[in-house]
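Peer 1: sequence and computational prediction follow.
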Amino acid sequence: MEYGLCCLFYKEPIKFKSYTYANIKKIEKENGIKSARKKVTEIWKHNIKTLQQAINYCKNNDIKSYRVSSDLFPQFDKVIKDGIIEKSFLKTITKELSKINSYDIILSMHPGQHVNIGSPNKDVVKNSIQDLKYHFFVAKPLNCKEINIHIGGSYGDKKASLKRFISNIKKYLTKKELNLITIENDELNYSIKDTYETAKKLGIRCIYDIHHQRCFELKYPKDGNEKEYFKWAKETWKNYDYQRIHISTPRDGYTTQSKSRPHHDFINKNEFPDWILKIKNLHVDIEAKAKEIAIKKLQKDNLKKTEFK
């Protein structure tokens with residue numbers, strides 16, 4: 001088993017920078033477009049350097065997966081549409097991203113839940129696809145192996161929503177893009193069974209999120225046990241030399257479906273299935289607020305792959 005770090009750091013001085021669209025437009029209004037462009041390009045370049053620092057940290061701390069932040073280039077589409085960032089500059093960005101040394105650490109991305117391809121609202125679908133295109137732009141030069149998304153809302157008719165999701169995925173994504181997509185179960189609408197069956201229909205990979213399924217089962221009946229859920233997901237990874245799952249601990253314990261959703265700073269080792277530790281080439285994203293400190297704590301608690309070989 002291998003650990004995966006998600007995006008940001010808790011204590012390490014590895015910090016990505018950001019800005020709001022309103023702030024960039026204010027700079028443009030007060031000082032001109034060149035000043036706004038300078039601000040944006042400086043932050044984009046800083047974030048590329050910081051990304052390398054983040055990957056270096058993973059290499060030096062026995063962390064084999066790293067989730068690249070979706071906010072690497074903040075307000076990407078808007079600053080391009082407004083001409084603040086010229087399209088010719090994107091070639092420079094692609095070149096710089098391709099220089100990143102990943103040391104064979106597996107990189108992934110995870111767009112936010114606003115990406116909802118099964119929505120009945122055409123504008124939501126359009127914006128979702130546009131957001132995915134941004135992720136493909138970042139993922140390609142980095143050689144990311146996954147762009148993970150949720151199926152989305154059910155809108156009172158899960159069957160119809162799943163049908164739209166599958167139809168829109170096929171309609172708007174190329175085969176190469178589809179091969180990067182993974183889908184995971186969520187806490188409210190789509191169980192691991194729903195997600196697994198959808199992944200099979202699309203011929204893509206399914207990520208089993210243990211915490212999400214545990215929340216889901218606070219309201220809905222179980223479809224099996226955790227080992228069975230893992231095996232379902234594993235089936236979709238049969239053509240790959242690794243598999244990914246997610247794990248987290250609820251901030252306030254398991255109470256109700258919605259109240260149990262927020263993540264704790266750390267992972268409760270008593271909620272970490274022992275059998276997972278023995279599986280080779282399994283990458284486990286640690287979704288905890290304390291980020292790298294949570295992983296270090298797991299390692300110190302002997303939840304480390306070397307103990308179980």
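Peer 2: Sure thing, it's come through. Numbers count the residues shown, from 1 in each chain.
Peer 1: then Asp71 would be within a strand, right?
Peer 2: No: Asp71 is assigned coil when assessed by DSSP: H, G, I helix; E, B strand; the rest coil, not a strand.
Peer 1: helix or strand: which one has the nearest residue to it once chain neighbours are set aside?
Peer 2: Nearest-residue entry for Asp71: Ser18, 6.0 Å, with adjacent residues in sequence omitted and distances by CB to CB, 6 or more residues apart in numbering. Placement of C-beta: from N, CA and C, glycine included. Taking DSSP states H and E as the criterion, no element holds Ser18; it sits outside all helices and strands.
Peer 1: now do the one 4 residues further on
Peer 2: Ala22 is located in helix 21-31, with elements delineated by DSSP H and E.
Peer 1: just to revisit the earlier point, give me phi/psi at the residue nearest to Asp71?
Peer 2: Listed backbone geometry of Ser18 is phi -150, psi -180, with angles given as degrees, to the nearest 10.
Peer 1: now Pro250
Peer 2: Backbone torsions for Pro250, taken as degrees, to the nearest 10, come to phi -70, psi 140.
Peer 1: Pro141 against Lys91, yeah?
Peer 2: No: proximity of Pro141 to Lys91 does not meet the contact threshold set by CB atoms under 8 Å, at 10.5 Å.
Peer 1: who's more crowded, these two?
Peer 2: Neighbour totals were compared for Pro141 and Lys91, and Pro141 leads with 15 against 9 (other CB atoms under 10 Å).
Peer 1: list the contacts for the more buried one?
Peer 2: For Pro141, the set of contacting residues under the criterion of CB atoms under 8 Å, 6 or more residues apart in numbering consists of 94-95, 97-98, 100.
Peer 1: top of the residues you listed by neighbour count?
Peer 2: For the contacts of Pro141, neighbours were counted using other CB under 10 Å, and Leu97 has the most, 20 neighbours in all.
Peer 1: check which helix or strand covers that residue.
Peer 2: Leu97 is part of helix 89-98, with elements assigned from DSSP H and E.
Peer 1: the host helix or strand of Glu197: what's the following helix or strand?
Peer 2: When secondary structure is defined using DSSP H and E, the element that contains Glu197 is helix 192-202. Proceeding C-terminally, helix 192-202 gives way to strand 205-209 as the next helix or strand, assigned by DSSP H and E.
Peer 1: strands paired with that next one, and their directions?
Peer 2: Counting by DSSP bridges, the strands paired with strand 205-209 are strand 181-184 (parallel), strand 243-247 (parallel).
Peer 1: mind checking those strands for the one nearest to Gly203?
Peer 2: The stretch from the strands paired with strand 205-209 with the least distance to Gly203 (CB to CB) is strand 181-184; that distance is 10.2 Å.
Peer 1: would you mark the buried spots in the closest one?
Peer 2: If you call a residue buried by 16 or more other CB atoms under 10 Å, then strand 181-184 has these buried ones: 181-184.
Peer 1: quick one: mean pLDDT over it.
Peer 2: For strand 181-184, the per-residue pLDDT values average out at 98.
Peer 1: repeat for stretch 59-66
Peer 2: Along stretch 59-66, the predicted confidence averages to a pLDDT of 97.
Peer 1: show residues contacting it.
Peer 2: Counting by CB under 8 Å, 6+ apart, stretch 59-66 makes contact with 2-5, 54-55, 57-58, 103, 105-108, 244, 283, 285, 292, 295-296, 299, 304, all of which sit outside it.
Peer 1: which residues does the nearest residue to Tyr190 once chain neighbours are set aside contact?
Peer 2: Residue nearest to Tyr190 in three dimensions, not counting chain neighbours: Ile151, with 4.7 Å by CB to CB, 6+ apart. Ile151 makes contact with 117-118, 161-162, 165, 183, 186, 189-190, 194-195, 198 under the criterion CB under 8 Å, 6+ apart.
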